[in-house]
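Student: model this:
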Amino acid sequence: MKQKPLWLKWVLCAVPAVIAALMYFLLPLFPDFTEKVISGGIFRIIAFPLEWIISILPFSLTEAVVVLCIPLLISLLTIWIIRIIKSKKRLITIERGCRFVAWCLTLALLIFMIMHGGNYSRKTVSELMKLPDRRYTAEELYTLTADLAKKASSAREKLKEDENGCTILSVSLSDYLLLADDCYDNLKEEYPFLKTGVWRVKSVALSHLWSYTGTTGVYCPWIGEANVNTDIPHHEIGHTATHEIAHTMGFAKEDECNFLGWLACSVSNNPDYEYSGYMQAYIYCSNALYKADKELWKKAAAHRSEGMLRDLKQTNSYWESFEGEVMETSQSFNDSFIKANGVESGVLSYSQMVELMLKFYDKSGLLN
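Tutor: Sure, this is the predicted structure:
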């Protein structure tokens, strides 16, 4: 059998990268096509079965891969070097090794674009949910923020507390994470695009170390796994879990996942998730209101319960203990990654959920 010429082997090796590049540059120009064919078609066909299978594993496969990655790479590199030394045709052995690495990288890039990168170019949540599009006043932001504070305070009254008066989960952590995808059940009839193959959100064993990077959750696009840092204060876990599930549904933008995570928590009929969603939403909206009008911020803040204040203090103390160069470097990398995918605001995009919440409250008639 006649072998393919070497140049053709390298051309074929580049094909996945070329397809990924075409997706990166062309999909933003065709959001309707991206919505129907990529996010609503190819992504679901590939991602949902994989997500379901990965959910069977009781541990974080993402974490296992990260932990084993360095020793595995060192082992493979050592084997390759030994083969080169022993080989009578060293140039051929080197070329094959380089081509294998190139194949791995180009395929990884294509899988990323299918499982996550392409979803940056789909229709926005505002379009899918037919939310209004207008500017909002500081008074309307106050109405939203005050309502979130009231609902968070109300939900918190049903929760357990630790010896310091801070909220703790009402059920075991493992049971709690199993309930995360159920939070979307009450939304699926009205918003059929909110579907996922994930039924188990994974707790990260090295969560405490994750906190040094400022990371609360991670969606791994290559395997469709939702991971949560469970060392963080308990009231942050629920919203983080529903946020990561939104990524598994094909939503890439952080503000949209923050918004969908809150929405799922708010209709979950589970006080732990309700409080987590309202609390995190309050924090984002409160920060925005503080910048817009400090007097209105004070009025909204007056609706916080004593329990909320203790939880907010706990959150600030927790994250302050991890501040340093590691967190700064990690956040800088995350900022660059988000910007590279076409979101100019980078990590600031997380807080842009406030605009989506204003639009949703407006559509629901809650800003009057």
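Student: Any stretches of the stretch 1-150 of the chain with poor pLDDT?
Tutor: Applying pLDDT under 70 to the stretch 1-150 of the chain flags the ranges 1-2.
Student: again, only using 90
Tutor: 1-11, 69-70, 72-73, 76-77, 80, 83-84, 86-93, 95-96 (pLDDT under 90).
Student: Let me see the ranges of the helices in it.
Tutor: Here the stretch 1-150 of the chain has its helices, by DSSP state H, counting those that start in this stretch, at 6-26, 31-33, 43-56, 61-86, 90-115, 125-128, 138-156.
Student: With respect to Lys339, which of those helices lies nearest?
Tutor: Closest to Lys339 of those is helix 6-26 (CB to CB; 13.5 Å). Heads up, the C-betas are built off the backbone N, CA and C, glycines and all.
Student: now for the closest one, which elements pack on it?
Tutor: helix 90-115 (3 or more CB pairs under 8 Å, 6 or more residues apart in numbering; DSSP states H and E).
Student: now the helix it packs on, how far from the chain's geometric center?
Tutor: 27 Å (CA atoms, centre = their mean, to the nearest Å).
Student: cool, stretch 17-33 as well?
Tutor: Once both centres are worked out by CA atoms, centre = their mean, stretch 17-33 turns out to sit 21 Å from its chain's centre.
Student: Which residues does it contact?
Tutor: With contact meaning CB atoms under 8 Å, 6 or more residues apart in numbering, stretch 17-33 is reached by 34, 38, 105-106, 109-110, 112-114, 117-118, 120-123, 342.
Student: Doesn't Asn227 lie inside a helix?
Tutor: No - counting by DSSP: H, G, I helix; E, B strand; the rest coil, Asn227 falls outside a helix, being strand.
Student: Now do the contacts for it.
Tutor: Asn227 sits in contact with Ser60, Thr62, Glu63, Val201, Lys202, Ser203, Val204, Gly217, Val218, Tyr219, Cys220, Glu244, where contact means CB under 8 Å, 6+ apart.
Student: tell me the phi and psi of the fourth one?
Tutor: This means Val201. phi -90, psi 140 (degrees, to the nearest 10).
Student: Can you tell me the element the spatially most central residue of the chain falls in?
Tutor: When the chain is reduced to its mean C-alpha position, the nearest residue by CA atoms, centre = their mean turns out to be Glu244, at 4.1 Å. Per DSSP states H and E, Glu244 falls inside helix 234-248.
Student: ok so, going back, rebuild the helices of the stretch 1-150 of the chain as a markdown table, extending it with distance to Met249 and mean neighbour count.
Tutor: A markdown table is the format used below for the helices of the stretch 1-150 of the chain (distance: least, CB to CB, whole Å; neighbours: other CB atoms under 10 Å):
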| stretch | distance to Met249 | mean neighbour count |
| --- | --- | --- |
| helix 6-26 | 19 | 14 |
| helix 31-33 | 17 | 13 |
| helix 43-56 | 9 | 17 |
| helix 61-86 | 18 | 12 |
| helix 90-115 | 12 | 16 |
| helix 125-128 | 11 | 17 |
| helix 138-156 | 23 | 21 |
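Student: any chance of those helices in CSV, plus distance to Asn287?
Tutor: Shown next, in CSV, are these (distance: least, CB to CB, whole Å):
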stretch, distance to Asn287
helix 6-26, 32
helix 31-33, 30
helix 43-56, 33
helix 61-86, 30
helix 90-115, 31
helix 125-128, 21
helix 138-156, 10
